[in-house]
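Trainee: Next one to model:
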Amino acid sequence: MKNNTRISRINDEILKELSQIIRGELKDPRIGSMTSVVRVETTPDLKYCKVYVSVLGNDEEKDSVMIGLKNASGFIRRLIAQRVNLRFTPEFTFKLDESAEYAIHMDQLISQISKDLKEKEANEGKE
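Mentor: Predicted coordinates for the structure are as follows:
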């Protein structure tokens, strides 16, 4: 249990710092302002860290952001090493998280279905 709490605290701290770095300190024009860190998963040995990133935009913009983050991973790792006091600074792997877009799409589908049902009920009531 102790180890689990420790890793979750480290994940939270890395997520907070990564968000600040991506939002304000990366000068790469490929990484837009609509990029946010959703989740961070660090291995128990602190060697590797998966960073799930959400990008709003088309597929070309998403690919561009992912390439920019991959190219900046060394710079990001150095900044994390300076800010987070860890024995080892993990190696970052960036993954695209599309759960927000999926949720928006599902919400639109549900809204459309409820709208269609209301119209159907209204048409049946007129007859």
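Trainee: going forward, measure contacts and count neighbours with C-alpha atoms only.
Mentor: Fine.
Trainee: now the strands for the chain?
Mentor: Along the chain, the stretches classed as strands by DSSP state E are 35-42, 48-55, 91-96.
Trainee: next one: the lengthiest helix in the chain to chain centre, how far?
Mentor: Ranked by residue count and defined by DSSP state H, the top helix of the chain is helix 99-126. How far helix 99-126 lies from its chain's middle: 28 Å, per C-alpha atoms, centre = their mean, to the nearest Å.
Trainee: where in this protein is pLDDT low?
Mentor: Counting by pLDDT under 70, the chain shows low-confidence ranges at 1-3, 125-127.
Trainee: What separation do you get for the residue sitting nearest the centre point of the chain and residue 21?
Mentor: Central residue of the chain (C-alpha atoms, centre = their mean): residue 53, 2.6 Å from the mean position. Residue 53 sits 13 Å away from residue 21, going by C-alpha to C-alpha, to the nearest Å.
Trainee: likewise residue 116?
Mentor: 45 Å.
Trainee: For the two, indicate the residue with more neighbours.
Mentor: Per other C-alpha atoms under 10 Å, whichever of residue 116 and residue 21 has more neighbours is residue 21, with 16 against 12.
Trainee: wait, what's in contact with the more buried one?
Mentor: Neighbour list for residue 21: residue 76 [criterion: C-alpha atoms under 8 Å, 6 or more residues apart in numbering].
Trainee: What's the separation between it and residue 43?
Mentor: Residue 21 is 21 Å from residue 43, by C-alpha to C-alpha.
Trainee: again, but for residue 119
Mentor: 52 Å.
Trainee: What count of nearby residues applies to residue 45?
Mentor: 9.
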